[in-house]
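Colleague: Starting from these lines, generate the structure:
(one chain, ligands or ions: 2)
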Amino acid sequence: MHIALTYDLKEDYLARGFAPEMAAEFDSLETINALAETIMRLGHAVTRIGNYAALADWLALGQRPDLVFNICEGEQGLGREARVPALLETVQIPFVFSDVAVLTLALHKGLSKLAVRGLGLATTDFYQVESLASLDRLIAGTVPLSFPLFVKPVAEGTSKGIDGLSRIDTADRLYQRCSELLERFRQPVLIERYLPGREFTVGIVGTGAKARVVGIMEIVFAHEDTASIYSYAAKFVDNSSWIRYQVPEPEICQTLSEAALKIWRGFGCRDGGRIDFREDEAGVLQFLEINPLAGLNPDYGDLPIICKLAGLNYDELVGAILASAIERLEEQHVLV
Ligand SMILES: Nc1ncnc2c1ncn2[C@@H]1O[C@H](COP(=O)(O)OP(=O)(O)OP(=O)(O)O)[C@@H](O)[C@H]1O
Ligand SMILES: [Mg+2]
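Modeller: Ligands and ions are numbered 1, 2, ... in the order given. Purely as a prediction, here's the structure:
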């Protein structure tokens with residue numbers, strides 16, 4: 001099969017002047033090399049395309065692959081992850097991973113939480129503030145804010161905007177943090193209850209009834225409180241002295257699997273991804289967020305780490321993702 005690989009190369013954005021945190025979600029050459037080499041080892045021909053603009057130029061030359069393996073995170077805006085899929089849907093070229101509607105919903109943590117509630121699963125109450133004026137109204141309002149709270153940009157990944165100070169204990173700090181995030185990320189800020197309990201992430205491969213959990217990992221923090229946040233720094237520096245990954249006990253894995261598959265299928269996610277959960281003060285599992293475009297760096301991507309812990313190597317993971325895409329497309333007679 002001729003597979004085109006679309007991606008946002010981190011180095012390109014750094015060269016354009018993006019600060020490292022702003023380019024954090026984009027993929028390194030290392031990730032793209034690993035992915036391309038694996039897809040070729042699986043017996044396919046790979047054309048490396050690049051980002052949305054490169055894809056548009058390539059298609060304008062009349063090129064047409066059998067399938068696109070798309071990991072573009074997109075640049076700016078709440079619909080950015082869906083931009084390449086939208087182009088591919090328009091020109092009717094099949095692609096790996098979820099469709100436009102799912103990618104747009106999942107990038108928005110507030111709307112995702114509402115959808116998860118609609119599916120009957122637990123996720124904390126939240127507020128969304130678009131401006132300091134809406135924060136003023138919230139603080140002055142009749143609903144009491146109960147600290148500690150957790151504050152993050154509504155639609156970022158890779159823990160952008162999240163650090164040891166994301167846990168908020170006072171109205172002053174809330175005001176300060178929200179203004180910083182509104183200014184820095186130019187998007188609404190999500191305010192929710194701080195969840196002090198254990199943290200898990202569930203890896204899923206497949207689509208619909210054929211979706212399955214490939215592994216679950218617990219992120220174990222060596223220190224409590226501010227250090228027990230899977231922050232931006234934790235995902236990019238050597239975190240081995242303060243974070244450990246482990247497979248949790250079977251009982252909790254069962255509960256997590258059921259919840260994750262219900263959400264995965266309820267959203268209509270396809271081929272592969274991850275769902276994050278954390279326990280509240282009473283030990284109840286709360287949905288945090290869903291990642292239908294999970295990072296695929298073979299060494300530090302959470303989905304590859306989950307698979308490693310479960311005894312599945314990188315080729316097997318990518319092979320299973322591709323197999324899911326090919327199978328569903330064959331079923332729809334899109335690929336013959
Ligand atoms: N309400 C909360 N209470 C406590 N910790 C939280 C809360 N929300 C997020 N966190 C911490 O911040 C981390 C990052 O949050 P979240 O998963 O929403 O961000 P992300 O940038 O989308 O992550 P990813 O890299 O998985 O895409 C979580 O893994 C968790 O450690
Ligand atoms: Mg997360």
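
Colleague: pLDDT below threshold where in the chain?
Modeller: 224-227, 335-336 (pLDDT under 70).

Colleague: how about 90 then?
Modeller: 20-22, 24-25, 76, 136-146, 157-159, 164, 221-228, 231-243, 332-336 (pLDDT under 90).

Colleague: all helices for it, in order.
Modeller: 10-15, 29-41, 52-60, 83-90, 100-107, 109-118, 132-140, 171-185, 232-236, 250-267, 302-309, 314-331 (DSSP state H).

Colleague: Including distance to ligand 1 and mean neighbour count, could those helices go into TSV?
Modeller: In this view, the C-beta of every residue, glycine as well, is placed from N, C-alpha and C. Converted to TSV, the helices of the chain look like this (distance: least, CB to the nearest ligand atom, whole Å; neighbours: other CB atoms under 10 Å):
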stretch	distance to ligand 1	mean neighbour count
helix 10-15	15	16
helix 29-41	14	17
helix 52-60	20	15
helix 83-90	18	19
helix 100-107	9	21
helix 109-118	6	18
helix 132-140	17	13
helix 171-185	11	16
helix 232-236	6	17
helix 250-267	14	17
helix 302-309	6	22
helix 314-331	17	19
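
Colleague: Kindly state the domain boundaries assigned to this structure.
Modeller: Following automatic domain parsing, the chain resolves into domains at 2-95, 106-122+196-331, 126-193.

Colleague: which residues sit in contact with V284?
Modeller: A122 (CB atoms under 8 Å, 6 or more residues apart in numbering).

Colleague: Swap in 10 Å and give it another go.
Modeller: By CB atoms under 10 Å, 6 or more residues apart in numbering, the residues touching V284 are A122, T124, L195, G197.

Colleague: what residues are up against L174?
Modeller: Residues near L174 by CB under 10 Å, 6+ apart: V129, L135, L138, I139, L145, F147, L149, V151, I168, V189, I191.

Colleague: and the residue of the stretch 201-336 of the chain nearest ligand 1?
Modeller: Closest residue of the stretch 201-336 of the chain to ligand 1, CB to the nearest ligand atom: Y230 (3.4 Å).

Colleague: Sorry, wrong one. I was asking about the stretch 1-150 of the chain.
Modeller: Closest point on the stretch 1-150 of the chain to ligand 1, by CB to the nearest ligand atom, is F150, at 3.6 Å.

Colleague: what residues are up against that residue?
Modeller: F150 touches 124, 126, 162, 166-168, 177, 190-195, 229, 278, 288, counting by CB under 10 Å, 6+ apart.

Colleague: about what we covered before: if you rank the contacts of V284 by neighbours, which is first?
Modeller: L195 (21 neighbours; other CB atoms under 10 Å).

Colleague: That residue reaches L288, doesn't it?
Modeller: Yes: at 7.7 Å, L195 counts as touching L288 under the criterion of CB atoms under 10 Å.

Colleague: residues bridging contact with the two, i.e. touching both?
Modeller: The contact sets of L195 and L288 overlap at T124, F150, F277, R278 (CB under 10 Å, 6+ apart).

Colleague: List the contacts of the residue minimising distance to the centre of the chain.
Modeller: Nearest residue to the geometric centre of the chain (CA atoms, centre = their mean): N291, 2.9 Å. With CB under 10 Å, 6+ apart as the criterion, the residues that contact N291 are 106-107, 157-158, 201, 203-204, 269, 272-276, 302-303.
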